[in-house]
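K.L.:
Next one to model:
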Amino acid sequence: MASRPRAKVEDSAWVADVEKALTAGDPSAEVALWRWHAIYRVPACIKDLNRKAYQPQVVSLGPFHHGEPHLLPMDLHKRRSLLHLLRRIGTAHRTAFPVTMLRRARKPLSEFVAAVAGVAEQLEGAYQGLVDDWRCKEEAEMRERFLELMVTDGCFLLEVMRTASGWEVNDYAPNDPVFSSHGLLYTVPYIRRDMIIIENQLPLLVLDKLLAVETGKDGNEDLINRMVLRFLSPAAWPPATGIGLALHPLDILRRSLLYGPTQTAPPAPPHHSAPDDIIRSAEELYEAGIRFKRSQTSSLLDISFRRGVLRLPAIMVDDTTEYMFLNLMAFERLHAGAGNEVTAYVFFIDNMIDTAADVALLTCRRIVHNTVGSDKAVAKLFSGMSRDVVLEPHSALDDVHRQVNAYCRKRWNRWRANLVHTYFRSPWSFLSLAAAVFLLGMTVMQTVYTVLQFYQDATTT
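P.N.:
Numbers count the residues shown, from 1 in each chain. As a prediction, this is how the structure comes out:
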């Protein structure tokens with residue numbers, strides 16, 4: 001039987017396709033592939049460490065988790081919020097200002113859809129790996145489905161945030177499960193938590209377009225940033241104005257955590273391109289003579305070390321702390337150009353907190369505010385967040401890291417700290433030391449007096 005001639009590898013279809021791509025492709029066009037990416041699916045290597053932290057619990061925002069069975073009950077309330085907003089805009093409220101009535105003239109749903117459709121390509125591009133069923137390029141049905149999702153979710157967020165802020169116009173029923181006082185107490189906290197999930201983000205560009213139609217004017221970027229941040233973190237410092245519209249709620253939350261002084265570490269020498277060892281625990285630093293004080297601001301960048309004093313920003317540890325930091329760290333890891341500041345802070349704090357004693361020490365200095373329970377639970381929380389973290393070669397905290405380690409290496413600092421901790425920790429220790437010194441002084445004086453008396457008697461004799 002004659003053997004069939006083997007095809008040459010160099011003549012295969014794969015080789016032809018690659019050569020065709022080489023001649024037809026434009027390397028500069030790759031920039032456009034990721035130009036608008038801002039919302040990402042968390043890779044399995046990160047998600048497997050804590051799946052619950054990246055999963056919304058009550059509401060889906062955007063396409064990634066839309067339609068999941070446990071999130072479907074909230075879709076009914078999202079639809080209701082859209083109807084309430086449209087009905088409210090279509091009704092001219094009786095006020096003393098006719099301008100307000102004109103501004104509240106009827107705005108049909110088609111105007112909102114048209115405004116969002118104008119940026120549909122950019123909204124699609126914000127979601128990395130968006131499946132083809134959601135893309136708005138050819139089929140009208142797919143386009144309508146995506147725009148419906150964007151408009152409905154955007155109106156829902158506007159209604160929730162306005163209700164939570166105590167908005168004077170509230171046309172919802174007193175027993176509404178979401179938009180009543182009961183809903184604000186029991187349902188909205190879960191919505192707030194779901195808004196910081198990286199896979200569950202809605203571009204703030206959607207809110208910008210909806211508000212532009214509702215109010216009849218553009219330039220609502222600062223208003224949207226403030227509204228979202230006030231909802232996510234009421235105690236946060238207001239964001240700076242004129243910085244442009246944030247990408248999504250997680251982005252504006254990250255900006256608020258980093259708002260404040262920026263550590264500008266000097267370039268490290270070539271032989272010290274990175275800290276040579278990890279930062280020690282809070283107890284070890286305390287034993288080495290380092291004192292802890294709370295920074296003047298709550299910015300995660302406001303960490304400094306000077307003359308044996310390590311200043312750290314105060315942090316509230318509650319049920320959402322772990323979810324917040326894990327999603328912020330995932331955003332920094334997946335979004336090119338986002339920075340590494342939150343990741344560096346979590347790594348720094350995790351090294352300082354090893355045991356419950358470290359938490360108790362920082363709590364005593366009003367740096368850690370523990371609302372989750374035991375100090376051991378806080379130590380366990382931070383130890384789990386820094387697994388498999390990736391740090392940039394030169395982070396903002398490298399200079400502080402080097403200064404702390406250099407201080408700990410000096411023996412005099414450790415000896416002085418040991419003296420202070422042993423004999424000046426409490427008034428009783430100090431009194432015991434003072435009594436011992438007094439008795440030692442009396443003994444020395446008695447000995448000297450005896451010796452002098454002996455020589456005086458010998459001279460007289």
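
K.L.:
Could you look up the SS state of residue 316?
P.N.:
Classification of residue 316 using DSSP: H, G, I helix; E, B strand; the rest coil returns strand.

K.L.:
so who does it touch?
P.N.:
By CB atoms under 8 Å, 6 or more residues apart in numbering, the residues touching residue 316 are 369, 371. All C-beta spots, glycine's among them, are computed from the backbone N, C-alpha and C.

K.L.:
Find me whatever residue is spatially closest to residue 130, sequence neighbours aside.
P.N.:
Sequence neighbours aside, residue 124 is the residue nearest to residue 130 in space, at 5.9 Å (criterion: CB to CB, 6 or more residues apart in numbering).

K.L.:
Look up which helix or strand that neighbour falls in, please.
P.N.:
helix 120-126 (DSSP states H and E).

K.L.:
Name the next helix or strand downstream of that helix, please.
P.N.:
Following helix 120-126 in sequence order, the next helix or strand is helix 140-164 (DSSP H and E).

K.L.:
which regions of the stretch 351-461 of the chain sit below the pLDDT cut-off?
P.N.:
Residue ranges of the stretch 351-461 of the chain with pLDDT under 70: 412-434, 457-458, 461.

K.L.:
ok, now with 90
P.N.:
351, 354, 371-374, 382-461 (pLDDT under 90).

K.L.:
Now do the residue nearest to residue 130 against residue 149, distance only.
P.N.:
Residue 124 is 11 Å from residue 149, where distance means CB to CB, to the nearest Å.

K.L.:
same question, residue 68
P.N.:
14 Å.

K.L.:
Let me see the ranges of the helices in the stretch 201-350 of the chain.
P.N.:
204-215, 221-232, 249-257, 282-287, 321-334, 341-352 (DSSP state H, counting those that start in this stretch).

K.L.:
which of those has the lowest average pLDDT?
P.N.:
Out of these, helix 282-287 stands lowest, with a mean of 87 (criterion: mean pLDDT).

K.L.:
from the chain's centre, how far out does that one sit?
P.N.:
Here the centre of helix 282-287 is set off from its chain's centre by 27 Å, with CA atoms, centre = their mean, to the nearest Å.

K.L.:
quick one: buried residues of it?
P.N.:
Under the neighbour-count criterion of 16 or more other CB atoms under 10 Å, helix 282-287 has 282-283, 285-286 buried.

K.L.:
As JSON lines, these with distance to residue 190 would be great.
P.N.:
As requested, the buried residues of helix 282-287 are exported to JSON lines (distance: CB to CB, whole Å):
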{"residue": "282", "distance to residue 190": "33"}
{"residue": "283", "distance to residue 190": "37"}
{"residue": "285", "distance to residue 190": "38"}
{"residue": "286", "distance to residue 190": "39"}
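
K.L.:
thought residue 175 was touching residue 181?
P.N.:
No - assessed by CB atoms under 8 Å, residue 175 is found out of contact with residue 181, at 9.7 Å.

K.L.:
between the two, which one's more packed in?
P.N.:
residue 181 (12 against 9; other CB atoms under 10 Å).

K.L.:
Now the terminal residues of stretch 167-187, how far apart.
P.N.:
In stretch 167-187, first residue to last residue: 18 Å (CA to CA, to the nearest Å).

K.L.:
Residues in contact with it: which ones?
P.N.:
Residues from elsewhere that reach stretch 167-187 (CB under 8 Å, 6+ apart): 58, 74, 77, 81, 84, 87-88, 93, 159-160, 163-164, 188, 191.

K.L.:
In which helix or strand does residue 66 reside?
P.N.:
Using DSSP H and E, residue 66 sits within no helix or strand.

K.L.:
Quick check: the gap between it and residue 334.
P.N.:
Residue 66 sits at a distance of 20 Å from residue 334 (criterion: CB to CB).

K.L.:
Low-confidence regions, the stretch 51-200 of the chain specifically.
P.N.:
87-108, 121, 129-145, 165-171.

K.L.:
Apply 80 and report the result again.
P.N.:
Scanning the stretch 51-200 of the chain for pLDDT under 80 picks out 90-107, 131-143, 167-170.

K.L.:
which pair in the buried residues of helix 282-287 spans the largest distance?
P.N.:
Maximum pairwise distance among the buried residues of helix 282-287 (CB to CB): 7.3 Å, between 283 and 285.

K.L.:
residues in contact with the residue nearest to residue 242 when sequence neighbours are not counted?
P.N.:
Residue nearest to residue 242 in three dimensions, not counting chain neighbours: residue 222, with 7.2 Å by CB to CB, 6+ apart. Neighbour list for residue 222: 239, 241-242 [criterion: CB under 8 Å, 6+ apart].

K.L.:
Go ahead and confirm residue 65 touches residue 57.
P.N.:
No - under the criterion of CB under 8 Å, residue 65 makes no contact with residue 57, lying 10.4 Å away.

K.L.:
How about residue 383: what's its closest non-neighbour residue?
P.N.:
Per CB to CB, 6+ apart, closest to residue 383 is residue 350, 6.2 Å.

K.L.:
what number of residues lie near that neighbour?
P.N.:
Residues near residue 350, counting by other CB under 10 Å: 21.

K.L.:
residues contacting it?
P.N.:
Contacts of residue 350 by CB under 8 Å, 6+ apart are 382-383, 385-386.

K.L.:
Make JSON lines out of those and add neighbour count, distance to residue 200 and secondary structure.
P.N.:
JSON lines is the format used below for the contacts of residue 350 (neighbours: other CB atoms under 10 Å; distance: CB to CB, whole Å; DSSP: H, G, I helix; E, B strand; the rest coil):
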{"residue": "382", "neighbour count": "23", "distance to residue 200": "24", "secondary structure": "helix"}
{"residue": "383", "neighbour count": "14", "distance to residue 200": "26", "secondary structure": "helix"}
{"residue": "385", "neighbour count": "20", "distance to residue 200": "19", "secondary structure": "helix"}
{"residue": "386", "neighbour count": "17", "distance to residue 200": "23", "secondary structure": "coil"}
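
K.L.:
between residue 65 and residue 57, who's got more neighbours?
P.N.:
Taking neighbours as other CB under 10 Å, residue 65 and residue 57 compare with residue 65 leading, 18 against 15.

K.L.:
Just put the helices of the stretch 201-350 of the chain in a markdown table and tack on distance to residue 296.
P.N.:
A markdown table is the format used below for those (distance: least, CB to CB, whole Å):
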| stretch | distance to residue 296 |
| --- | --- |
| helix 204-215 | 30 |
| helix 221-232 | 21 |
| helix 249-257 | 16 |
| helix 282-287 | 20 |
| helix 321-334 | 22 |
| helix 341-352 | 17 |
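
K.L.:
quick one: which of those is nearest residue 371?
P.N.:
Across the helices of the stretch 201-350 of the chain, closest to residue 371 is helix 321-334 (CB to CB), at 9.1 Å.
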